[in-house]
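Next come a sequence and a model predicted from it.
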Amino acid sequence: MFHPKTIAISLVALGLAGCASGTEFDQTGGIKSVRSSCPAVAIPVDTGDVTLFNPPASRDARAIDVVATITKLRNNCVQQGERIVTDATFEVQARRSDTKGDREVVLPYFATVTRGGTQVVSKQVSRVALRFADGQATATATGGGRADIAASAATLPPEIEAQVTRRRKPGDADAAVDPFTDPAVRAAVRKASFELLIGFQLTQEQLSYNATR
């Protein structure tokens, strides 16, 4: 299960992987803010791994059957005309306790596009299949997700863009003032910011287990 509330927490905790804003020095020694229209890509808190038990209702460590983790999350962002498209790929690495026999474990995962940290724009649920050979304790599979958003929606209004990207030099009256301290700027940037969140589609019980272990 995936809740919008989880989104805001996850983005703070992960530092907005694929950060949407930052600063850099220009050639004259001034400072300018830098912002990307590409969606940030992240794994929401407590959804990056899943534990299966046998029997399913048990939570005893001795009953752990399979543990799987999403890792090596990568993304590629390009603008195609009026659309901004981000494709993300990842690996799922899994380990099972009982290595007897061939076995396939299918795990559902979500790829959710959000706006401003709380608004869910789209959500797709897919599945990844892990295949264990007889005697094999580990297995690896790959998955992916996509964010396809309008470039206009991810673009700041001209007056806000000018305020965010204006070069600030030592000696300027407001050189030390971060434009993001302005509530109007923060609101505009949040509205134009998108995220692609990927994680396991967990049941409430699985999510609670991850949060409390």
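Okay, I see it.

Just the C-alpha atoms of the biggest strand by length in the chain, please, in PDB.
When the chain is parsed with DSSP state E, its longest strand is strand 64-80. Once non-C-alpha atoms are left out, strand 64-80 reads as follows in PDB (Å, rounded to 0.1, in the frame of the first residue of the first chain):
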ATOM      1  CA  ILE A  64      11.700 -15.400   7.200                       C
ATOM      2  CA  ASP A  65      11.400 -16.900   3.700                       C
ATOM      3  CA  VAL A  66      12.500 -14.300   1.200                       C
ATOM      4  CA  VAL A  67      14.000 -10.800   1.600                       C
ATOM      5  CA  ALA A  68      14.200  -8.500  -1.500                       C
ATOM      6  CA  THR A  69      15.700  -5.000  -1.900                       C
ATOM      7  CA  ILE A  70      15.500  -2.400  -4.600                       C
ATOM      8  CA  THR A  71      18.900  -1.100  -5.400                       C
ATOM      9  CA  LYS A  72      20.900   0.600  -8.200                       C
ATOM     10  CA  LEU A  73      18.200   3.100  -9.000                       C
ATOM     11  CA  ARG A  74      19.200   5.100 -12.000                       C
ATOM     12  CA  ASN A  75      17.400   7.600 -14.300                       C
ATOM     13  CA  ASN A  76      17.600   9.300 -17.600                       C
ATOM     14  CA  CYS A  77      15.700  12.500 -18.300                       C
ATOM     15  CA  VAL A  78      15.200  14.000 -21.800                       C
ATOM     16  CA  GLN A  79      12.800  16.700 -23.200                       C
ATOM     17  CA  GLN A  80      10.900  15.500 -26.200                       C
END
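
how about the helices in the protein?
4-14, 158-165, 183-191, 204-212 (DSSP state H).

quick one, which of the ones you listed is nearest to residue 110?
helix 4-14 (11.0 Å; C-beta to C-beta). To be clear about C-beta, it is placed using only N, CA and C from the backbone, and glycine gets the same treatment.

tell me the average confidence for that closest one?
For helix 4-14, the mean per-residue pLDDT is 38.

How about stretch 94-103?
Per-region confidence: stretch 94-103 scores 98 on mean pLDDT.

In the chain, what residue spans correspond to strands?
Assigned by DSSP E, the chain shows strands spanning 21-25, 31-35, 40-42, 49-53, 64-80, 83-96, 103-115, 119-132, 138-150, 194-200.

how close does residue 58 get to residue 131?
Note on residue 58: its distance to residue 131, by C-beta to C-beta, to the nearest Å, is 25 Å.
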